[in-house]
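[1] Fold the following and give me the result.
(one chain, ligands or ions: 1)
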Amino acid sequence: MKKRSSKRQTIEAINREVLVAEDGFIVSKTDATGRISYINRTFMEVSGFVESELLGHQHNVIRHPEMPRGVFQLLWQELKADREFFGYVKNLCRDGAYYWVFANVTPDVDEQGNLRGYYSVRRKPAPGAINAIEPIYARMLDEESRGDRKTAPTRSVKILQAYLAEQNQSYIQFMQQLDAA
Ligand SMILES: Cc1cc2nc3c(=O)[nH]c(=O)nc-3n(C[C@H](O)[C@H](O)[C@H](O)COP(=O)(O)O)c2cc1C
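    Model prediction:
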């Protein structure tokens, strides 16, 4: 029998939002292969998952079906280049509800420069940020739903890049603008 390295849960998304508290920080850490090695109490409280359901798994267990794959392509591209990533992420709760966060994801490097893993700190988004990002993600997702699945993330990132070019902004400037929204 084929062994699966990571169990992928199938949670049906429902249209119920869980709000992150103003002072709530949702933290997780992974090993160098992206397997979750730590989640904090706020993570469990907001998402409804317990440690045993997430430790050892990739974060895609909590990936919401409305999140464009292109966003995660950008995330991994930055991490592999030893840079941190900022982004708005809609995540799944254990019961299918969702929560929006403004996430910062960072490579965790030791004094010798060896990659120990990654960590992420997520907080409640600024009030206007989600209204601004949702239509862009919807366009990205729409693009991903057509044509070749393999090239879908790259094609959807192009939509984001075209939007940024129109605004004359870099991705990080856009993130900062939304955070002030
Ligand atoms: C430290 C860290 C935190 C992450 N946090 C999330 C997260 O909160 N939600 C999410 O969907 N993916 C997160 N990811 C990205 C996932 O690893 C994965 O790329 C994403 O869920 C897309 O899944 P897929 O690659 O199977 O399409 C995180 C990755 C790392 C390294």
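
[2] For the rest of this, base every contact and every neighbour count on C-alpha atoms.
    Will do.

[3] tally of neighbours for residue 46?
    By the criterion of other C-alpha atoms under 10 Å, residue 46 has 20 neighbours.

[4] try residue 117
    Residues contacting residue 117 under the criterion other C-alpha under 10 Å number 19.

[5] Near the ligand, which residues of this structure are found?
    29-30, 34, 58-60, 62-63, 69, 72, 91, 105, 118-120 (C-alpha under 6 Å from any ligand atom).

[6] Residue 147: which of the residues you listed is nearest?
    For the residues of the chain next to the ligand, the closest approach to residue 147 (C-alpha to C-alpha) belongs to residue 69, at 14.2 Å.

[7] now the closest one, nearest residue through space, not along the chain?
    For residue 69, ignoring the flanking residues on the chain, the nearest one in space by C-alpha to C-alpha, 6 or more residues apart in numbering is residue 153 at 5.2 Å.

[8] which SS state does the spatially closest residue to residue 11 that is not a sequence neighbour fall under?
    Nearest in space to residue 11, with sequence neighbours left out and distances taken as C-alpha to C-alpha, 6+ apart, is residue 96 at 5.7 Å. Three-state call for residue 96 (DSSP: H, G, I helix; E, B strand; the rest coil): coil.

[9] need the contact list for residue 96.
    For residue 96, the contacting residues are 11, 12, 13, 14, by C-alpha atoms under 8 Å, 6 or more residues apart in numbering.

[10] SS state for the spatially most central residue of the chain?
    Centroid check for the chain by C-alpha atoms, centre = their mean gives residue 89 as the closest residue, at 4.5 Å. In three-state terms, and counting by three-state DSSP, residue 89 is strand.

[11] Does it touch residue 103 like I think?
    Yes: Residue 89 sits in contact with residue 103 when judged by C-alpha atoms under 8 Å, with a separation of 6.7 Å.

[12] Just list the residues touching residue 181, thanks.
    Residues near residue 181 by C-alpha under 8 Å, 6+ apart: 126, 127, 128, 129.

[13] Distance check, it against residue 125.
    Residue 181 sits 9 Å away from residue 125, going by C-alpha to C-alpha, to the nearest Å.

[14] Which parts of this structure are helices?
    For the chain, helices defined by DSSP state H occupy the ranges 41-47, 51-54, 69-80, 129-144, 152-167, 171-179.

[15] Quick check: buried residues in stretch 109-118?
    Within stretch 109-118, the residues that qualify as buried are 117, 118, counting by 16 or more other C-alpha atoms under 10 Å.
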